[in-house]
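**Q** Could you look at this predicted model? Sequence included:
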Amino acid sequence: MSIRSRFSVEKYLVVGPENTLGRPVPVIVAAAVDAGFTCVQIRSKTASAGELIRLCDLSAAEIARLGKSDDVALLVDDRLDVVLAAREKGIKVDGIHVGQSDVPTAICRKYLGEESIVGLSAPVRDLIEFVRRADLSGIDYLGAGPLHPTPTKTDCGLDETTGEVVVRTIEELFELARASRLPVVVGGGVKAADLPALAATGVAGFFVVSAVAGAADPIAAARELAAAWRPTQSK
């Protein structure tokens, strides 16, 4: 049984070398997975393809060391070439996450196959209408945000037409969870204090970057976040 049939976006870490305050990415990955995180995405706009492949290799090794390779999905942001090259080297990378202007999801599915995970960032505007009407076949989950403005990804929630950052309200996320046929994971400046209200909306999970990768104690931060997530319903 492939991980695609059972993966979870409930507790989702996004991390790259620019997020870790100089600490090794695999150390941060191990801290999150050991605390109960269920999905890891390697994301970097500065690392080379070779460095990203190396980070996939080391992160996959940490996930395997913790006995979680069959349960915790390892994804790569945007870089279909990196996923394919890593797999060619025998590295267990489970799929990809892309944005609205990245490689089309149909192309990702074509090259990665039916057992891979393909995630898509939801659009900034007309979000509810999008999830109701868009062809989401071949996509496994949607990422939405930001819940708050975040310096980690300054274009998160940026409306290119107006130049404004559009944040998601709890009320909007209630509606989104009910409208979406796919699991929805929400991030963007998320902190442990946000999680009870976020979980109550019915979305499938949360994602964080700096809340773990930039924390003084990543292990303690990951454990606090994992413990604070108490979904009231599953999607």
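**A** Happy to help now that I have it. Remember, predicted model here, so these are calculated numbers, not experimental data.
**Q** so where's this structure uncertain?
**A** Scanning the chain for pLDDT under 70 picks out 151-165, 232-235.
**Q** Determine the longest helix present in the protein.
**A** When the chain is parsed with DSSP state H, its longest helix is helix 49-65.
**Q** Now do the helix or strand just after it: which elements does it pack against?
**A** Following helix 49-65 in sequence order, the next helix or strand is strand 73-77 (DSSP states H and E). If you count contacts as 3 or more CB pairs under 8 Å, 6 or more residues apart in numbering; DSSP states H and E, strand 73-77 packs onto strand 39-42, helix 49-65, helix 80-88, strand 95-98, strand 117-121. In short, each C-beta sits where N, CA and C put it, glycine included.
**Q** now what about strand 73-77, what contacts it?
**A** The contact list for strand 73-77, computed with CB atoms under 8 Å, 6 or more residues apart in numbering, reads 3, 7-8, 14, 38-44, 52, 56, 59-60, 63, 82-83, 86, 92-98, 117, 119.
**Q** For Glu51, list the residues it contacts.
**A** So Glu51 contacts Pro17, Ser44 (CB under 8 Å, 6+ apart).
**Q** ugh, wrong one, I meant Gly119
**A** Neighbours of Gly119 in contact, by CB under 8 Å, 6+ apart: Val9, Leu75, Gly95, Ile96, His97, Val98, Ile139, Asp140, Tyr141, Leu142, Gly143, Val185.
**Q** and what of Ala226?
**A** Applying CB under 8 Å, 6+ apart, the residues contacting Ala226 are Lys11, Ala35, Gly36, Phe37.
**Q** Which members of those are the farthest-apart pair?
**A** Lys11 and Ala35 (8.1 Å; CB to CB).
**Q** Settle this for me: Arg223 is touching Val33, isn't it.
**A** No - counting by CB atoms under 8 Å, Arg223 does not reach Val33; the two are 11.6 Å apart.
**Q** who has more neighbours, the two?
**A** The neighbour comparison of Arg223 against Val33 (other CB atoms under 10 Å) goes to Val33, with 25 against 19.
**Q** Just confirm that one is within a helix.
**A** Yes - judged by DSSP: H, G, I helix; E, B strand; the rest coil, Val33 forms part of a helix.
**Q** just to revisit the earlier point, which neighbours do Lys11 and Ala35 share?
**A** Joint contacts of Lys11 and Ala35 (CB under 8 Å, 6+ apart) are Leu225, Ala226.
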